[in-house]
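S.K.: I would like to see how this sequence folds:
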Amino acid sequence: MIEEPYRWVEAIANRREYIEAQLASGSPIAALGYHDGILFLTLGQTRQKIFEIYDRIAMGAIGHPGDIERLRMGAIELASTEGFTRSATDVSLRRLVHYSLSPVMKSAFEQVYGPPYLARMLFAEVGERPEEDLFLRVEYDGEIATSGATFAQARQDFAVLSGTQQSRELMESFLKTEHGADASLEAALKSALDAWSIGHMSLQTTDAKELPERAAVSKYLQEQLAHTGIEAGILERDKSRAIRYRSLSDKELRPLISD
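M.R.: Predicted structure coming up:
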């Protein structure tokens, strides 16, 4: 009987190590608030990583495609049910994540005889003003990180997702100094691409602790753009629009970064 709690803790530690290894190669995702909305961006060659969830809410995710799809469909169903039984304005990202998705992921992670979710997710909800934008990162164990101001941190107008903590922290460090909520879409796009490059470069090494030189970032980005596509979507701030979310194609974005 005494050994049982220890075995559970050991199993949880092993499970965490396994999931972290599975997610380590995930292509980074950046979500940046700008003057007219929120931009989601990543680079890739195959499967989709950025999705609309409901009206003012979008999601980016890395991990197993099946688990991402299950969580995405669950989020859509919950938001749609809330919107139908109450109203679209009653659907909030905080409620969706804190009361629904996070508990489900935490439970799956701690039930050591069942499969956990191999997924890490980033959500954003666009507000009427930039200071009302909300970003939430949800880990595979249900842990939630917010961009909102707390006792320990100032509010941030961006959020990022990556395969490792080291990669994510370098991306955040870059955006803290290079991005502002009043930026144009073009400026936000370039900052997001640079942040992605820094995050992806970090995934190639285990000892990257400092931000790389700007020239190295630009060179790496050009190399990646030569054989990968840009996946992006925006949540538009204009509340007169019937549909707030819009996908941006690679062909549409290339001219904006050519200068």
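
S.K.: how about the helices of the stretch 1-150 of the chain, start to end?
M.R.: If you assign secondary structure with DSSP state H, counting those that start in this stretch, the helices in the stretch 1-150 of the chain sit at 3-23, 65-85, 93-96, 102-110.

S.K.: hmm, I was thinking of the stretch 151-259 of the chain
M.R.: Using DSSP H, counting those that start in this stretch, helices in the stretch 151-259 of the chain cover 165-178, 185-203, 214-225, 250-253.

S.K.: quick one, which of those helices is nearest to residue 123?
M.R.: If you check each of the helices of the stretch 151-259 of the chain against residue 123 by CB to CB, helix 165-178 wins as the nearest, at 15.4 Å. Heads up, the C-betas are built off the backbone N, CA and C, glycines and all.

S.K.: and the helices of the stretch 151-259 of the chain, which is most packed in?
M.R.: Most buried of those by mean neighbour count (mean count of other CB atoms under 10 Å) is helix 185-203; its value is a mean of 23.

S.K.: let me know the angle separating it from helix 214-225.
M.R.: For helix 185-203 and helix 214-225, the angle between their directions (axes from the mean of the first three to the mean of the last three CA atoms, to 10 degrees) works out to 90 degrees.

S.K.: where does pLDDT dip in the stretch 51-200 of the chain?
M.R.: Across the stretch 51-200 of the chain, the ranges flagged by pLDDT under 70 are 148-154.

S.K.: and residue 171, how far from residue 200?
M.R.: 9 Å (CB to CB, to the nearest Å).

S.K.: now residue 180. Its backbone dihedrals?
M.R.: Torsion angles at residue 180 (phi, psi; degrees, to the nearest 10) stand at phi -130, psi 150.

S.K.: run a quick neighbour tally on it.
M.R.: Residue 180 is flanked by 17 other residues according to other CB atoms under 10 Å.

S.K.: from residue 132, how far out is the closest residue to it other than its chain neighbours?
M.R.: Closest residue in space to residue 180, ignoring its immediate chain neighbours: residue 157 at 7.2 Å, by CB to CB, 6 or more residues apart in numbering. Taking CB to CB as the measure, residue 157 and residue 132 are separated by 11 Å.

S.K.: I am finished for the moment; much appreciated.
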